[in-house]
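>>> here is my input; please provide its structure:
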Amino acid sequence: MKERLDRKEGSDLKKLELKFENYDGKTVTYSLDNPVEPVDAQLVNEVMDEIIAQDAFTSSGGDLVAKKSARIVDRQVEDIEIY
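Here you go, the predicted model:
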């Protein structure tokens, strides 16, 4: 018996991850799907500063107190039909 795998066309999934430190010293990550590219590093820094300044988000470990990092995560997904 011959096995066959039918593949559907794959897709790229990109996310912009913004990483902050909260009051408890833990890392909190917020992800945004399909970011505008190329990413403007200065704008990302300004937005992260504004999120902290306005206490726009909170976490189980308290308010966000510092920026840790930001990055684009790119992953390719290829679906395989199961029958």
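>>> pLDDT wise, what is D12 at?
Here, the pLDDT recorded for D12 equals 74.
>>> phi, psi for the closest residue to it other than its chain neighbours please.
Distances taken as C-beta to C-beta, 6 or more residues apart in numbering place Q76 nearest to D12, at 5.4 Å, with adjacent residues excluded. All C-beta spots, glycine's among them, are computed from the backbone N, C-alpha and C. Phi and psi for Q76, reported as degrees, to the nearest 10, are phi -100, psi 130.
>>> so what's the residue count around Q76?
Other residues within reach of Q76 by the criterion other C-beta atoms under 10 Å amount to 9.
>>> please apply the same query to S69.
That count, for S69 with other C-beta under 10 Å as the rule, works out to 11.
>>> so for the helix or strand hosting it, mean pLDDT?
Taking DSSP states H and E as the definition, one finds S69 inside strand 62-77. Across strand 62-77, pLDDT averages out at 95.
>>> and it, which residues are buried?
Buried residues in strand 62-77, counted by 16 or more other C-beta atoms under 10 Å: L64, K67, A70.
>>> how near is the residue nearest to the first one when sequence neighbours are not counted to Q76?
Using C-beta to C-beta, 6+ apart and skipping the chain neighbours, the partner closest in space to L64 is F20 (4.3 Å). Separation of F20 from Q76 (C-beta to C-beta, to the nearest Å) stands at 27 Å.
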